[in-house]
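K.L.:
fold the following for me, if possible:
(one chain, ligands or ions: 1)
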Amino acid sequence: MTDEIRFRGDMTVELVKHAASDADVVWAARVSTKGESSLADVEADPERSRGLINFLMRDRHGTPFEHSTMTFYVRAPIFVFREFMRHRTFSYNEESGRYRELAPEFYVPGPSRKLVQQGKPGKYEFVEGTPEQHKLVSESTREACRQAYAAYREMLEAGVAREVARTVLPVGLYSSMYATCNARALMNFLSLRTRRDDSKFPSFPQREIEMVAEEMEREWAALMPLTHAAFEAGGRVAP
Ligand SMILES: Cc1cc2nc3c(=O)[nH]c(=O)nc-3n(C[C@H](O)[C@H](O)[C@H](O)COP(=O)(O)OP(=O)(O)OC[C@H]3O[C@@H](n4cnc5c(N)ncnc54)[C@H](O)[C@@H]3O)c2cc1C
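P.N.:
Numbering: from 1, shown residues only. Purely as a prediction, here's the structure:
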């Protein structure tokens, strides 16, 4: 284990495994009327498939969107994971701070991160910080993380168990996990964890989880373009 501290302002999101396509939605929905179905249906008649998917989304027939699976590898700060794991329809496995020594990788907000909150809770916006505020955030965060990690290492070297020594580590430490979901669960997540002014029910997520959500959405849109388009057209409401 190297003691070299790394700071970063981005997130890692990789689609590691998937079985997800618009055909899965069509196939599942058509069992209602056909009793059997063809995975080729979506290619054979894209306009009909588009119409069916739009209808399912609009009328909130959500279950056909559950016949898909996507597994994402995510590396992000612990405070992002705390928010992420509130989404109960995902399955998770996260690296352990008991079984392995945690790597010294910490989040420091990048220059584009808006720093100042204005307005009341529930109705506020973020605006750019001054150069002095950016400098303060960057320097204070780095210094606090360095000190915390030095204390962690000191305890490990003195023979203290990993699960005890980690007490001093901050929520800006990066962790990693696999998160598996279906398209319906993902739409619920995206509706809450991305901010779009044209959403039917606009949400105001923390920017860092939104960065993760945006990457996940990009991967998903490529796999299920008709479903993604219907989600957008319907005001980003999960069916
Ligand atoms: C901007 C924002 C701010 C937030 N702030 C806070 C905060 O300050 N404090 C806090 O504690 N949380 C906060 N949360 C978390 C929030 O309360 C939800 O826990 C989180 O958004 C997950 O939403 P969900 O339950 O819809 O998702 P999931 O758990 O993924 O569930 C998906 C859907 O499944 C159904 N479902 C799942 N489980 C149940 C169940 N047990 N009973 C009935 N239906 C179920 C519901 O229809 C639900 O919408 C915040 C979330 C957002 C987006």
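K.L.:
so who does Val108 touch?
P.N.:
Residues counted as contacts of Val108 (C-beta atoms under 8 Å, 6 or more residues apart in numbering) are Phe7, Arg8, Gly9, Val137, Ser138, Thr141, Arg142, Cys145, Gly172. Quick note: C-beta positions are derived from backbone N, CA and C, even for glycine.
K.L.:
let me redo that: Glu94
P.N.:
Contacts of Glu94 by C-beta under 8 Å, 6+ apart are Phe81, Ser175, Ser176, Met177.
K.L.:
and it, what pLDDT?
P.N.:
Listed pLDDT for Glu94 reads 98.
K.L.:
tell me where this structure has strands.
P.N.:
Assigned by DSSP state E, the chain shows strands spanning 6-8, 12-19, 69-77, 91-94, 105-107, 116-120, 123-127, 174-181.
K.L.:
surely Gln133 meets Val116?
P.N.:
Yes - counting by C-beta atoms under 8 Å, Val116 is a contact partner of Gln133 at 7.0 Å.
K.L.:
from the contacts of Val108, which two are the most distant?
P.N.:
Taking C-beta to C-beta, the two most distant members of these are Arg8 and Val137; they sit 14.4 Å apart.
K.L.:
and the closest residue to Ser91 other than its chain neighbours, how many neighbours does it have?
P.N.:
Closest residue to Ser91 apart from its sequence neighbours, by C-beta to C-beta, 6 or more residues apart in numbering: Thr180 at 4.5 Å. Per other C-beta atoms under 10 Å, the neighbour tally for Thr180 reads 16.
K.L.:
ok, Thr180 - contacts?
P.N.:
Going by C-beta under 8 Å, 6+ apart, Thr180 touches Lys17, Thr69, Met70, Thr71, Phe72, Phe90, Ser91, Tyr92.
K.L.:
excluding its backbone neighbours, what's nearest the third one?
P.N.:
The spatial neighbour of Met70 that comes closest, neighbours along the chain excluded (C-beta to C-beta, 6+ apart), is His18 at 4.6 Å.
K.L.:
against the ligand, how distant is that neighbour?
P.N.:
Here His18 is placed at a distance of 19 Å from the ligand (C-beta to the nearest ligand atom, to the nearest Å).
K.L.:
list the contacts of stretch 232-239.
P.N.:
Here stretch 232-239 makes contact (C-beta under 8 Å, 6+ apart) with 54, 56-58, 60-62, 65, 184, 187-188, 190-191, 194, 196, 198-201, 231.
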